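[1] Here you go, sequence then predicted model.
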Amino acid sequence: MAKTDWFVHDRFGMFIHWGLYAIPARCEWVRSIEKLSVEDYQIFFDTFDPVDYNPKEWAKAAKHAGMKYAVMTAKHHDGFCLFDSKLTEYKATNTKAGRDLIREFVDAFRAEGIKIGLYYSLVDWYHPDYPHYGEQHHPMRDNEEYKGIEHNFDNYLDYMHGQVRELCTNYGKLDIMWFDFSYDERSGEGWRATELVRMIRGYFPDVLIDNRLEGSGEGYGSLLTDNPSEFSGDFICPEQVIPLEGFFTESGKPIIWEACVTMNNNWGYTANDRNFKPAEMIIRKLVECVSKGGNLLLNIGPDAKGNIPTESLAILEKMGEWMSKNSESIYGCGSANLGKPEFGRITRNGNILYYHIFENQINGVPLMEIESSQIRRMWFVATGSELKLHACHFLNSYKDIPFVSLGESPILPDGTDTVIGVELM
């Protein structure tokens, strides 16, 4: 059994971006965008007190939505740790929270049978030996006071490797290690990546690692080649985009991938961002990912008190309603290797095709690229009700294309996505 089998089967996960940046509530990059100094940012450390944090409720919401794995930010770019690192004082246990918030996440999600992933930023705007002045993303990149200051980057790398070791040794088995992100010379062996990956795999030989030790949300690294590096990772993770098609190596071998997507326009809690995608849209985007052989990692950004936004909870609720009836067309499925139908998408599991119908049809649904003689049975996935081929003289012009009848009503049973299963001989 390949170590990636569960990941390819499960298809749907929860991303959680949470940290000090939930207090200013102007996105997780607020320190860099507004060029805030450590002193400017300290007020958020001093007042961080997530009195409503209840990861058991988060885990229940994820499970109801049909999510099978979850990835949470153990440390984001600002350097603040939600875990009890022994290598820094800049951590949740030293705030009013007073406890290891990652420990609570891990325990709660494991209890619901959800696989565990930890996000760790390779970038760190708090550590004194991470370069400041002139560094592309650092908040102090333009601050002349930092010009000429020397940083011992090896000290930072020792610190970073040490924290990853803590994550590997203090929380039981990890299913995913999700790094973010590489740029310029901060890439590959610039992170001592071979050493880092060997250390991680020494603890967890089957842990899945993303591709961002040598890439970013728009750069995919050597996984696209036929000779990937040792630290290339196990999957590609395009950010805020679903690729036009799946990913393949130079020789045409499919590459495992996962699109990470926000519910609104920001990863971290952003008070004035009410631009939430409708649940119906996200359901269809999950289907699109699976139809192209990929996963969807859908983000939530809890507020400073630890509450998931009500809009996000409503989306998860609606997704759960749909998944409770149609998940067999998602779990264990992938690309059908057929053309995209005009009415929606197709996913496939072995000899079963799942036709996802997004648009009402006038006279039956055409099952393109298969023949009537190939069909063993057809059914509504949501109810299990049998379906029959549609016989109508108006369709005589399309004798080589089987049409399935969805009943007398011209309106789809599920306006978001009506799924029919077609088992082939």
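    All right, it came through fine.
[2] and residue 137, how many neighbours does it have?
    Neighbours of residue 137 under the rule other CB atoms under 10 Å: 16. C-beta here means a position set from N, CA and C on the backbone, and glycine is covered the same way.
[3] So for the closest residue to it other than its chain neighbours, what's the pLDDT?
    In space, residue 137 comes closest to residue 32 once its chain neighbours are excluded; the distance is 5.4 Å by CB to CB, 6 or more residues apart in numbering. Looking at residue 32, its pLDDT reads 98.
[4] Is residue 32 located within a helix, as I assumed?
    Yes. If the criterion is DSSP: H, G, I helix; E, B strand; the rest coil, then residue 32 is within a helix.
[5] and it, what is it in contact with?
    By CB atoms under 8 Å, 6 or more residues apart in numbering, the contact set of residue 32 is 77, 125, 137, 138, 139.
[6] can you put those in a markdown table and add secondary structure and distance to residue 320?
    Converted to a markdown table, the contacts of residue 32 look like this (DSSP: H, G, I helix; E, B strand; the rest coil; distance: CB to CB, whole Å):
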| residue | secondary structure | distance to residue 320 |
| --- | --- | --- |
| 77 | coil | 32 |
| 125 | coil | 37 |
| 137 | coil | 37 |
| 138 | coil | 41 |
| 139 | coil | 39 |
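[7] Geometrically speaking, which residue is the centre of this protein?
    Centroid-nearest residue in the chain, with CA atoms, centre = their mean: residue 297, separated by 1.9 Å.
[8] That one touches residue 237, doesn't it?
    Yes. With contact defined as CB atoms under 8 Å, residue 297 reaches residue 237; the gap is 7.4 Å.
[9] intersection of neighbour lists for those two?
    In contact with both residue 297 and residue 237: 258, 259, 260, using CB under 8 Å, 6+ apart.
[10] So which bits of the helix or strand where residue 161 lies are buried?
    Using DSSP states H and E, residue 161 sits in helix 153-169. In terms of neighbour count (16 or more other CB atoms under 10 Å), helix 153-169 has its buried residues at 156, 157, 159, 160, 161, 163, 164, 165, 166, 167, 168.
[11] so what's residue 315 up against?
    The neighbourhood of residue 315, defined by CB under 8 Å, 6+ apart, consists of 263, 276, 277, 278, 279, 282.
[12] What of residue 27?
    Going by CB under 8 Å, 6+ apart, residue 27 touches 21, 33, 266, 267, 268, 270, 273.
[13] let's see 6 Å
    Shown in contact with residue 27 (CB atoms under 6 Å, 6 or more residues apart in numbering): 266, 268, 270.
[14] ditto for residue 5
    Residue 5 sits next to no residue when contact means CB under 6 Å, 6+ apart.
[15] What's the separation between it and residue 417?
    Distance from residue 5 to residue 417, counting by CB to CB, to the nearest Å: 26 Å.
[16] try residue 140
    Applying CB to CB to residue 140 and residue 417 gives a distance of 48 Å.
[17] and if you look at residue 347?
    Taking CB to CB, one finds residue 347 at 11 Å from residue 417.
[18] Name the residue in the two with the higher neighbour count.
    Legend: neighbour count by other CB under 10 Å for residue 347 and residue 417, higher for residue 347 (26 against 21).
[19] Residue 374 contacts residue 423, correct?
    No. With contact defined as CB atoms under 6 Å, residue 374 does not count as touching residue 423 (9.6 Å).
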